[in-house]
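Asker: pasting the structure only:
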């Protein structure tokens, strides 16, 4: 038995070392993927900023070259020039605002909230008959920040609306239930679905200012959810629909 014990010990040691190496490799890989996601986001932000800067520069150069204070239409030309520049500044401001919203960590304000009441409030913003709401109770308490919960619901519902725009009979369902010590909020749609290869990376921070883009909103949603010790999962099938499932600890 002693001989077997001597032979097993180095095997156990080698096994433990291998497990440690695998864990370290997994951590390095996760870190690399996160860093690559942020690098990709930075590239996209830079691209979005350069888009309005180029026409601004060209407009200013053209205006400077052709400026004639004695031109009888100079006031109209100044007005048109100002309008063009202001539009591009507004674009830049929108980009900065969207990026700031994503980067900003949610306030650590935890108040006891009725999730049903706040979710209804978020849905009232849309005033849309195709949004159905169901809750197993009229009062389900969670510890959360009111504005952040509204932000989560509106982001997910916006995505659902965009996914069902092309349908004759769109259906968007929002439901709240409880499961053990957790509150479950589901946002479902019967839209176009999300391709399998995109599902794995849907919550990564991909920056876009396009109205149909989901990267920034969903990255921000995941950020908020995890800050409040919650969980978000996605299930989706092409041409059948998408379900986002949120799970939060129930208020005790």
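Answerer: Good, I have the coordinates. Since the structure is predicted, the reported quantities are computational estimates derived from the model, not experimental observations.

Asker: Can you pull up the most central residue in the chain?
Answerer: residue 218 (1.9 Å; C-alpha atoms, centre = their mean).

Asker: Is it located within a helix, as I assumed?
Answerer: Yes. Assigned with DSSP: H, G, I helix; E, B strand; the rest coil, residue 218 falls within a helix.

Asker: which residues in this structure form strands?
Answerer: Using DSSP state E, the strands of the chain run over 111-114, 131-135, 141-144, 172-179, 182-189, 231-237, 241-249.

Asker: What pairs with the fifth one, parallel or antiparallel?
Answerer: What that stands for is strand 182-189. strand 172-179 (antiparallel), strand 241-249 (antiparallel) (DSSP bridges).

Asker: out of the ones you listed, deepest packed?
Answerer: The highest average neighbour count among the strands paired with strand 182-189, using mean count of other C-beta atoms under 10 Å, belongs to strand 241-249 at a mean of 20. C-beta coordinates here come from the backbone N, C-alpha and C atoms, glycine included.

Asker: and that one with strand 231-237, angle?
Answerer: 170 degrees (axes from the mean of the first three to the mean of the last three C-alpha atoms, to 10 degrees).

Asker: any residues touching strand 241-249, and which ones?
Answerer: 115, 142-144, 152, 156, 159-160, 163, 179, 181-191, 193-194, 225, 228-236 (C-beta atoms under 8 Å, 6 or more residues apart in numbering).

Asker: Same check on stretch 74-84?
Answerer: So stretch 74-84 is contacted by 55-56, 59, 63, 67-68, 71 (C-beta under 8 Å, 6+ apart).

Asker: Many thanks, I have nothing further to ask.
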